[in-house]
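In: 3D model of this:
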Amino acid sequence: MKTTIEDIARASGVSKATVSYVLNNKRSSLGLSAQTVARVLNVSKELKYRPDLVAVALSEQKNVPLSLLILSPWLHTQFSDFMAQVSHVLEKTTLEMRLKPTYELYHAGSLRKALRPARCVKFDAVIIIGTSDEDDAFLRKNREKFRNIILLNREVEGYPCSIGNDYEASAELARRIAAAKYYGRYVILHAEKISACEQKRIDGFRDALKKGGETDIRIHESVASDSFDKLCGSLLEQHFREKTLYFIPQYYPAARFLKYLRQKGISVPQDVGVAAYDSHSLLTDFLSPALTTVDPRIADMTRQALLLARGIKDGKRVSGKVTEPVFESGESAVHV
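Out: Numbers count the residues shown, from 1 in each chain. Okay, the predicted model is just below:
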């Protein structure tokens, strides 16, 4: 039978804590006498004690900081709230998880300049936020060079990631709105260049409408932001004869569109409905009516990324974590 610390404590006439301190070479902090230390060591030798190496390793890891490199793109209006939520979670969990984060900004599309293998290995894990298509292509091409990378809110084959279920959440949003049988036309409005996440949101919303029997579905690619008012006016002129629902897969442009409708005195959601994907803690309180949207739960997504980072440090095989978004009913679209 394998000798335990309890066996040594019983044979030595001391507590299990004393045995643990002696065997882990922490005897000085208890002020143990030389005689007690010698007795414990002799008994452990006589009983042929062998430490549980796995348990020792896990115990040591609890006290070792988790060093992280956090790479995020240069902030812009649409991304600032996302990063604010990520930073808030990191700040709250720094002590709890013994985080040692280093933050760096990079220009979207130039991740290769910020990500060098020789530097990455100096950290337990590297969390990358908001990659572009060019960045994703770089990661796919160099998969074998990077072993400790985690993607937040992005998905690239071969890398552990913490993502939201964008497709299904957008599909559920569409089903709730279509079930009200109020709007006769649906317009999906998106930017000229979209991320893979936004494409999933568009696909989920459109596919759910089609499966539900909706046939009047238009997809409109937006133009530059300096022509936003002109674009809004053109859209309304095209679709105002029908009760129309606009789905915009980002929060900020949806909020701008809602503001434009209000300025023009257009009734929302009666004449025009607006639905979006994403949340924005700073803008929410200023929107009227409240935006019907999907909250991707960025804070929970960030916590999942930190658990993946801890798993990498502990030598575990990690894959990915999916956070289920939450429907925010709002008042900008008629729905069930």
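In: where does the stretch 101-250 of the chain have low pLDDT?
Out: Judged against pLDDT under 70, the low-scoring parts of the stretch 101-250 of the chain cover residues 222-228, 239-241.
In: quick one: the residue positioned nearest the centre of the chain and residue 268, what's the gap?
Out: When the chain is reduced to its mean C-alpha position, the nearest residue by Cα atoms, centre = their mean turns out to be residue 301, at 3.1 Å. Residue 301 is 30 Å from residue 268, where distance means Cβ to Cβ, to the nearest Å. The C-beta positions use only the backbone N, C-alpha and C, and glycine is treated the same way.
In: in which helix or strand does the residue nearest to the centre of the chain reside?
Out: helix 298-313 (DSSP states H and E).
In: just how off-centre is stretch 135-151 within its chain?
Out: Relative to its parent chain, stretch 135-151 has a centroid offset of 18 Å by Cα atoms, centre = their mean, to the nearest Å.
In: now do it: distance from first to last residue.
Out: 11 Å (Cα to Cα, to the nearest Å).
In: residue ranges for the helices of this structure, please.
Out: Using DSSP state H, the helices found in the chain span residues 5-12, 16-23, 34-46, 53-62, 77-93, 111-114, 117-120, 133-141, 166-178, 196-211, 228-239, 251-263, 298-313.
In: got a markdown table for these, with distance to residue 280 too?
Out: Putting these into a markdown table (distance: least, Cβ to Cβ, whole Å) gives the following:
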| stretch | distance to residue 280 |
| --- | --- |
| helix 5-12 | 54 |
| helix 16-23 | 51 |
| helix 34-46 | 60 |
| helix 53-62 | 37 |
| helix 77-93 | 5 |
| helix 111-114 | 25 |
| helix 117-120 | 32 |
| helix 133-141 | 24 |
| helix 166-178 | 16 |
| helix 196-211 | 15 |
| helix 228-239 | 17 |
| helix 251-263 | 5 |
| helix 298-313 | 10 |
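In: so for residue 152, which of these sits nearest?
Out: For residue 152, the closest of these is helix 298-313, at 4.9 Å, according to Cβ to Cβ.
In: next, the angle from that closest one to helix 77-93.
Out: Our comparison of helix 298-313 with helix 77-93, counting by axes from the mean of the first three to the mean of the last three Cα atoms, to 10 degrees, yields an angle of 60 degrees.
In: got the contact list for residue 46?
Out: Contacts here follow Cβ atoms under 8 Å, 6 or more residues apart in numbering; on that basis residue 46 touches residue 11.
In: how does this structure divide into domains?
Out: As assigned by automatic domain parsing, the chain contains the domains 5-51, 64-164+298-325, 166-296.
In: how far off centre is the second one?
Out: Right, domain 64-164+298-325. Mean-position distance between domain 64-164+298-325 and its chain equals 9 Å (Cα atoms, centre = their mean).
In: over to stretch 261-269?
Out: What separates the centre of stretch 261-269 from the centre of its chain is 34 Å, taken as Cα atoms, centre = their mean.
In: now do stretch 284-302
Out: Mean C-alpha position of stretch 284-302 versus that of the full chain (Cα atoms, centre = their mean) differs by 15 Å.
In: quick one: end-to-end distance for that stretch.
Out: End-to-end distance of stretch 284-302: 21 Å, with Cα to Cα as the criterion.
In: in it, what's buried?
Out: For stretch 284-302, the neighbour count (16 or more other Cβ atoms under 10 Å) marks 284, 287, 291-298, 300-302 as buried.
In: before we move on, the earlier item: out of the domains of the chain, flag the one nearest residue 335.
Out: Between residue 335 and these, the tightest spacing by Cβ to Cβ is seen for domain 166-296, at 4.4 Å.
In: for the closest one, how far is the first residue from the last?
Out: Its first and final residues considered, domain 166-296 spans 8 Å by Cα to Cα.
In: now that domain: how far from the chain's centre is it?
Out: In terms of Cα atoms, centre = their mean, the centre of domain 166-296 is set 23 Å apart from its chain centre.
In: can you list the domains of the chain in CSV and add distance to residue 333?
Out: Compiled in CSV, the domains of the chain are given as follows (distance: least, Cβ to Cβ, whole Å):
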stretch, distance to residue 333
domain 5-51, 61
domain 64-164+298-325, 16
domain 166-296, 4
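In: those: which one's closest to residue 332?
Out: Comparison of the domains of the chain against residue 332 by Cβ to Cβ identifies domain 166-296 as nearest, at 4.4 Å.
In: grab the nearest non-local neighbour of residue 82.
Out: Distances taken as Cβ to Cβ, 6 or more residues apart in numbering place residue 298 nearest to residue 82, at 5.8 Å, with adjacent residues excluded.
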